[in-house]
Structures are given as structure tokens and as C-alpha cells.
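Novice: okay, here's the prediction I keep looking at, along with the sequence it came from:
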Amino acid sequence: MAQKLTEQEHDAIVSLAKLLSKELPVQQRSVSGGIASGLVRLRKNPLGREDVMGVLTKYGAGEPTLKDLLDLHVLEREKGGEGYVLLAGGTPTLGPAKHANSKDEKNARPETRPESRPQAIARAERPRPPARRPARSLAGLDTVRKQTPELEDIRRKIIDLDPRLWINGWLLSTPEAYVRFERELRALDAALAGSASIGDGTLSTRELSYHLFGDEKFLALDSDGRKLLHLMGLSDAVVTRPQTKLELMHHIPKHHRHLRLVVSENLDPWVNMRNAMFLDGRKRILDERVHGVVFGNGYIVDDPHKLPDLIASLGAEDVRVLYWGDIDRAGLSILAKLASVADGCFEVEPFVPAYRLMLRRAMKRFPDPLENEETDQGGVRVEGLELLEPALKPKETSYLRAVIEGARLIPQEIVTAADL
């Protein structure tokens with residue numbers, strides 16, 4: 001387990017990071033925080049050459065950066081040895097930190113004891129899951145320059161995150177943002193570990209958002225998540241699949257007398273299925289024979305003629321529609337209404353493999369079904385369960401009912417292109 005930073009180590013990292021971000025060549029400034037953190041966290045002085053080069057190599061630097069560190073007097077050659085002395089503020093930093101023993105903690109001033117910290121700071125210790133959290137926003141956050149034991153405790157936690165999250169200074173000067181968004185910041189820290197970006201371009205924005213935060217809307221264009229990244233200087237670090245134009249309503253490669261279509265409520269799953277068929281030549285989706293995919297846009301039942309007119313134009317003798325949408329009251333309501341719109345002209349049934357995969361993923365991520373995202377659908381009538389439940393196992397049925405009765409949401413984006 002990583003050793004907690006001491007106050008001196010924390011100050012040394014901040015001091016070095018600020019210096020390097022100003023003095024290193026432009027191409028190295030973005031990793032100055034990582035270099036500073038890596039050198040201090042070695043926790044020994046003098047530093048061996050292999051240790052120093054290991055830190056520099058991790059951040060894409062090498063001998064030229066080592067020379068820069070010597071010229072800036074961040075490092076000094078060890079007298080009579082082959083290593084380097086790490087300097088902070090012109091003086092050598094300490095080696096391995098000496099941590100206070102239990103007696104020191106017992107005799108600490110009352111205001112610095114953990115149990116005496118205000119509850120506002122204690123909230124950062126246990127972030128709430130998405131379904132239980134109160135409304136949060138970045139509104140009303142003020143820059144705080146003062147130094148108090150409580151704020152320094154939060155700043156030490158911030159320093160433990162990937163340096164790219166705090167190197168521009170905003171998060172360190174706005175510690176309440178960490179209190180409000182600790183869970184999301186830790187998710188970003190994990191996503192950045194060993195990576196130059198947040199995401200690799202294979203997931204859509206909504207898919208990436210759900211897989212990182214359990215909330216498919218956290219990275220939406222005008223969301224607090226996007227604002228948070230902008231304030232931390234990471235707007236360009238998010239790499240997602242380009243958004244597809246909405247005019248692509250359906251993909252049905254060829255005529256079939258006996259037609260099986262998947263209708264998707266949301267765009268990203270539709271794009272994934274379309275790509276699997278069009279780009280990869282796939283004929284099966286989740287091991288089901290499929291002849292085409294239709295984008296429902298969530299409102300396909302608002303016009304009772306929309307889908308029947310499309311199907312009528314395809315010249316099939318019979319058509320089976322496999323509907324796939326969000327698992328929430330609204331999504332199942334669309335399934336039920338679509339079945340009534342069919343009026344014997346075509347068959348409608350849930351796309352069972354997709355719904356079962358969604359449930360299994362959600363059960364693994366949130367064993368308590370009420371930890372799934374809350375919705376404002378408490379007043380929406382529950383319908384459509386009878387179409388899906390017969391195809392589920394008992395545990396899946398129980399979980400599904402708890403999600404629907406609790407007005408929660410399992411979004412389609414929990415399933416990605418790699419799953420199909």
C-alpha cells in the first residue's frame with residue numbers, strides 16, 4: 001500500500017512541480033507534476049541514477065531532462081558517488097519520512113486530531129454512489145488560499161492523485177471540489193494511470209462516462225463533469241469515438257422474406273450494431289441472427305405510423321422486431337407501446353440477450369439495485385415487465401423489479417461494441 005505523504009513531502013512536490021512547469025522545455029512541462037511527484041516519492045537521498053532515470057523514462061523524458069534538472073539545481077551530483085541529491089528550495093530533502101507514533105498522535109493539539117475535524121471535510125471519506133448522492137454542482141465554489149489542518153488534509157489527498165488533475169493549481173485552490181466530486185476524481189485518476197488520455201477512442205462519450213463513473217451523462221457537453229475537466233485543464237484529454245449524425249435512421253443491408261430487426265432506443269448501441277454488420281460483416285448480434293438495425297431515438301412510438309411504414313417498405317412476408325432500450329420505466333413503456341402499435345402487422349419482443357447482459361453487468365457493479373441511477377420517473381406507470389420477465393432467470397427478475405419499482409435506470413451504454 002502506498003505510504004501517505006507527509007506535510008514536508010507534499011510541500012516539496014508542489015514546490016518542484018511549480019518550478020518545473022515554468023522552467024522545463026515546453027514539451028516537458030505537461031509532465032512536470034509527475035516528475036516532481038515521482039522524485040519525491042522515491043523517499044531516499046541521495047538518489048541512484050537508475051531511480052532518477054526510471055522516473056524520467058516513465059514520463060517520456062531522458063538525459064536532456066536530467067541535464068535540465070541539474071542546471072535548475074533540482075538535482076545535485078552526489079559528492080564522491082554516482083548518485084544525485086534531490087534539492088527543494090535550495091536544501092536537500094529528507095530521506096524516508098518519519099511518521100508520528102501513537103504517543104505523538106495522542107499528544108497532538110486537539111484541533112489537529114482527525115476526530116475533531118468538521119463534518120464538511122469528513123464527507124470526503126465515503127463518496128456516495130450515483131443513486132444516493134444529493135444534487136451537486138460546481139456552482140458556489142470559492143478559491144481558498146488559507147492554510148488550516150482540515151484543508152491541508154484534503155490537499156494531501158489531492159496530491160496523491162495523478163499530477164495532471166492538479167498541476168494547473170485549480171483543484172488545490174478549490175478543495176471543496178474534491179469533497180463534492182471525490183468519487184469521480186478517483187475514477188479519473190485510475191483512468192489516467194499509465195495512459196496519456198482518458199479513453200482510447202473506442203467508446204462513445206456516454207459509454208465512457210458510464211464505464212468510468214456509473215453515470216452516462218457525467219461527461220455530456222454542458223455537464224459539471226465537462227466543466228470540472230475544463231477547470232483542471234483536461235478538456236482535451238478525453239478521447240471518445242466521434243458522434244454519428246442522427247439522419248442515419250436504419251441499416252438493412254439486403255432484402256429478406258423473413259426479417260429480424262433490432263430497434264435500439266439510443267444512438268450509441270445502434271451505431272455499434274450497425275458497425276458490426278456494415279464494417280465487420282457480422283450476421284449475428286449477441287449470438288442472435290439479425291438482418292438489420294433501426295434507430296428508435298427514444299420516440300419511435302410517438303408517431304404510430306413511423307415503424308409500420310418503414311417495415312411496409314421492406315417487402316418482407318413477416319417481420320420480427322427485437323426491441324432494446326434502457327432498463328427503466330420509460331424504456332419498458334416504449335417496449336409495451338411498440339407491441340401495441342404492431343397490431344398484428346409484425347411481432348415485437350424484447351432483445352433478450354442484450355437485456356440479460358445489461359442486468360448481469362449492473363448486478364456486478366451495484367449488488368444493491370437501488371444504487372443504480374435515480375430517475376424522475378416515479379410517476380410513470382410501470383408496464384412492459386410482463387414482456388421481459390418470462391425470459392429471465394429468477395435473480396435477474398428480482399433485480400429487474402427492484403430497479404423498475406425503485407424508479408432507477410440501467411442505461412444501454414453499459415453494453416459496448418466489444419460485447420456484441
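Specialist: In hand now; what should we look at?

Novice: what helix or strand is the most centrally placed residue in the chain on?
Specialist: Closest residue to the average C-alpha location of the chain: L212 at 2.1 Å, with CA atoms, centre = their mean. Assessed by DSSP states H and E, L212 sits inside helix 205-213.

Novice: what does A276 give?
Specialist: helix 267-278.

Novice: residues contacting L185?
Specialist: Under the criterion of CB atoms under 8 Å, 6 or more residues apart in numbering, the neighbours of L185 are 161, 165, 171, 178. (Glycine included, C-beta is placed from N, CA and C.)

Novice: go again with 7 Å.
Specialist: The contact partners of L185, by CB atoms under 7 Å, 6 or more residues apart in numbering, come to 161, 165, 178.

Novice: ok, the closest residue to R408 other than its chain neighbours to K283 distance?
Specialist: Leaving out its chain neighbours, the residue that sits closest to R408 by CB to CB, 6 or more residues apart in numbering is N372, at 4.1 Å. Going from N372 to K283 by CB to CB, to the nearest Å gives 33 Å.

Novice: which one's more surrounded, these two?
Specialist: For N372 versus K283, neighbours defined as other CB atoms under 10 Å are more numerous around N372 (27 against 12).

Novice: isn't that one right next to I414, touching?
Specialist: No. Applying CB atoms under 7 Å as the test, N372 and I414 come out as separate, 9.8 Å apart.

Novice: got any residues that touch both of those two?
Specialist: A362.

Novice: show me where the stretch 151-300 of the chain has its strands.
Specialist: Counting by DSSP state E, counting those that start in this stretch, the stretch 151-300 of the chain has strands at residues 250-251, 258-264, 284-285, 288-289, 292-295.

Novice: which of the ones you listed sits most buried?
Specialist: Comparing the strands of the stretch 151-300 of the chain on average neighbours per residue, with mean count of other CB atoms under 10 Å, the densest one is strand 292-295 at a mean of 23.

Novice: output the below-cut-off pLDDT ranges for the protein.
Specialist: The chain contains residues with pLDDT under 70 at 1-5, 88-136, 244-248, 298-299.

Novice: chain neighbours aside, what residue packs nearest to A342?
Specialist: Excluding its sequence neighbours, the residue lying closest to A342 (CB to CB, 6+ apart) is V348, at 4.9 Å.

Novice: just the element for the one you found, please.
Specialist: V348 belongs to strand 347-350 when assigned by DSSP H and E.

Novice: just send the strands of the stretch 151-300 of the chain back as TSV, with distance to L228 too.
Specialist: Converted to TSV, these look like this (distance: least, CB to CB, whole Å):
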stretch	distance to L228
strand 250-251	36
strand 258-264	30
strand 284-285	35
strand 288-289	39
strand 292-295	31
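
Novice: can you tell which of those strands is closest to R49?
Specialist: With CB to CB as the measure, strand 284-285 is the member of those nearest R49 (55.1 Å).

Novice: so what are the sheet partners of the closest one and their directions?
Specialist: Take DSSP bridges as the rule and strand 284-285 pairs in its sheet with strand 288-289 (antiparallel).

Novice: any idea how far the partner strand is from the chain center?
Specialist: Between the centre of strand 288-289 and the centre of its chain there are 31 Å (CA atoms, centre = their mean, to the nearest Å).

Novice: now what about it, what contacts it?
Specialist: Here strand 288-289 makes contact (CB under 7 Å, 6+ apart) with 260, 283, 353.

Novice: with stretch 389-400 instead?
Specialist: Here stretch 389-400 makes contact (CB under 7 Å, 6+ apart) with 327, 350, 352, 356, 359, 363, 369, 388.

Novice: extract the CA atoms of that stretch and return them as PDB.
Specialist: Extracted C-alpha coordinates of stretch 389-400, given in PDB (Å, rounded to 0.1, in the frame of the first residue of the first chain):
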ATOM      1  CA  GLU A 389     -39.700 -11.300 -17.200                       C
ATOM      2  CA  PRO A 390     -40.500 -14.700 -18.800                       C
ATOM      3  CA  ALA A 391     -37.100 -14.800 -20.500                       C
ATOM      4  CA  LEU A 392     -35.100 -14.000 -17.300                       C
ATOM      5  CA  LYS A 393     -33.700 -16.100 -14.500                       C
ATOM      6  CA  PRO A 394     -35.200 -15.600 -11.000                       C
ATOM      7  CA  LYS A 395     -32.300 -13.500  -9.700                       C
ATOM      8  CA  GLU A 396     -32.500 -11.300 -12.900                       C
ATOM      9  CA  THR A 397     -36.200 -10.900 -12.500                       C
ATOM     10  CA  SER A 398     -35.900  -9.900  -8.900                       C
ATOM     11  CA  TYR A 399     -33.200  -7.400  -9.700                       C
ATOM     12  CA  LEU A 400     -35.200  -6.000 -12.600                       C
END
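
Novice: show me what counts as buried in it.
Specialist: 392, 396-397, 399-400 (16 or more other CB atoms under 10 Å).

Novice: and what of stretch 201-219?
Specialist: 203-219.

Novice: sorry, back to before: pull the CA atoms of the helix holding L212 into CSV?
Specialist: C-alpha atoms of helix 205-213 as CSV (Å, rounded to 0.1, in the frame of the first residue of the first chain):
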residue,chain,number,x,y,z
THR,A,205,-18.9,9.8,-24.7
ARG,A,206,-21.9,8.2,-23.0
GLU,A,207,-20.3,4.8,-22.9
LEU,A,208,-17.0,6.1,-21.5
SER,A,209,-18.9,8.2,-18.9
TYR,A,210,-20.9,5.2,-17.6
HIS,A,211,-17.9,2.9,-17.5
LEU,A,212,-15.8,5.4,-15.5
PHE,A,213,-18.4,7.0,-13.3
